[in-house]
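*Asks:* predicted model and sequence follow; I will ask about them next.
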Amino acid sequence: MKLNGYHKKEKLKSRTQLEAIFATGKSFSVFPVKIFFLETDTSETAYIKAGVGVSARHFKKAVHRNRIKRLLREAYRLEKQTLLHQLEKHGKKIAIFLLYIDKEMPDYIVLREKMKDGFEKLQSRLAIQE
RNA sequence: CCAUAGGUUCGAACCAUCGCCCCCACAGUAUUGCGGGGGAGGAAAGUCCGGACAGCAUAGGGCGACCCACCGGUGAAUAGCCGGCCCCCCACAGUACUGUGGGGGCGAGAAAGUGCCACAGAAAAUAACCGUCUUGUCUCGCUUCAGGCGAGAUGGGGUAAGGGUGAAAAUGUGAGGUAAGAGCUCACGUUCCGUUCUGGUAACAGGACGGAAGGGUAAACCUUGGGUGCUGUAAUGCCAUGUAUAGGAAUCUUUGAGAGCGGCUCGUUCGAUCUCGCCUUAGGCGAGAGGGUUCCAGGGUAGGCAGCAAGAUCACAACAGUAAUGUUGUGACAAGAUAAAUGAUGGUGUAGGAACAGAAUCCGGCUUACGAGACUUAUGGUUUA
RNA sequence: GGCCUCGUAGCUCAACUGAAUAGAGCAUCUGACUACGGAUCAGAAGGUUUCAGGUUUGAAUCCUGACGAGGUCA
């Protein structure tokens, strides 16, 4: 599998899993982004299953929502390496959902730094639960 | 040359790195690797119209509801498009009123009927009221032989000239006519209806003859003519998963209900055997309960495939047509996702970091949003000849 | 993806169908009452009726098109 890819199998697609992550999963926010996460079965195909989302209430134009989701995916794709290694080392599998909560269009560089911070925080949260 | 408004056209390109979706081939073999190819719009938007396609419904006819409305053409079809007619507005020339250019028009019927027309005004559609003319009676005044004249009140008749308003007042101006008046008559006009002639496929335009003068409003009800089954690709079809029970109906069964396991419409192992009535030696017959199957009702599951990308398709050329458009020929195949694919970074570069904006069954229109350049039309300004 | 409803004063609503003065309550301001404030009383201000065009003598109302807000089905 490609190192920095974001393939179809890595996407969070199932409707039941999405409902589960919002109902029973935990969350924290790194300001423009709120991260939902949940440990999943070890029978899953990928170590991380990830999804992205934007509120249609804050961004009425589909072009702006697409732009934000693309930037979120790009930042996730390029910053997920250390998180993935830690998960492989501990044999855990998770599902995460990245929700954009700001009302203004994001800047890519800031978003990527925030994503890095967010994943470090996520590693510490998961390490506490061990 | 500049500015504004409308229309047509286009909706930047290239390189490197990291990535996404689909298809094809090979290896491999059920998931990846490598290679090749393709990957948002003129509006994909609004959902305002029209269709294709699918399911359901459907003897025939009528009523109702909704929609459309100058004429001809075009097209699968429309409320679209093209051309023409008529009306309105603006500008210019010219100033009786015509011509040219541009823009707009939900543009059938108001002499089928009903309703409405505030305020003002006599009156908003019956022509009533004031007025005016004429005449009868009564009263008063003047004059006087009977009588006459004038004023007022009231009754009958004629008339619709005039009546400050208003968006709109019963055909405009002039003449005749009359007791007073009036299209009552005449001349020049206006509008409409009928017949007819000419031009035009037609709407319509022009002329002749005869008649009429009926205010507006149908984006008020309505009338006339024409049209319309309903629901929508999350439609619909197939596969997989899974049918508990507490229901209803039909039918079958009572040597096999039920339970466990597995590869779960099946196989295998274990294995219970109800109640009542009649006949009666064992036992048999009938009914009920229970159980099975099918259908209805109802609950659950949220996965896959088809629909789903070759079509009223697109590009170019020729021909027909004023044009919309059509015909023929040649060439092309041009996104197909399903938490939903086109991105990020750097550089060259430009209009100086490009506006409006992201396919979701597919087409044809309409409307709205928007960037720069080019072309073109109209108006205004400046300069030169 | 389809369908429906609604935009009126700072806020909540009338007046729309059936056309001619845009009105009510709360809030705001001024005055009175009170030692002061509240309550109460009197008065005032506040509207391009979301926008544009059309029909009409006349449009919040009727027609058309935009813009915005909300709801609903699966």
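*Replies:* Looks like it arrived, so ask away. All values derive from a computational prediction rather than experimental measurement. Numbers count the residues shown, from 1 in each chain, chains lettered A, B, ... in the order given.

*Asks:* from RNA strand B, how far out is A:Pro32?
*Replies:* 15 Å (Cβ to the nearest atom of the strand, to the nearest Å). All C-beta atoms are positioned from the backbone trio N, CA, C, and that covers glycine.

*Asks:* er, A:Ala62 actually
*Replies:* Taken as Cβ to the nearest atom of the strand, the span from A:Ala62 to RNA strand B is 4 Å.

*Asks:* next one: A:Arg112
*Replies:* In terms of Cβ to the nearest atom of the strand, A:Arg112 sits 8 Å off from RNA strand B.

*Asks:* try A:Pro106
*Replies:* Distance from A:Pro106 to RNA strand B, by Cβ to the nearest atom of the strand: 10 Å.

*Asks:* kindly report the same for A:Ser27.
*Replies:* When A:Ser27 is compared with RNA strand B (using Cβ to the nearest atom of the strand), they lie 15 Å apart.

*Asks:* list the contacts for that residue?
*Replies:* The contact partners of A:Ser27, by Cβ atoms under 8 Å, 6 or more residues apart in numbering, come to A:Lys34, A:Ile35, A:Phe36, A:Phe37.
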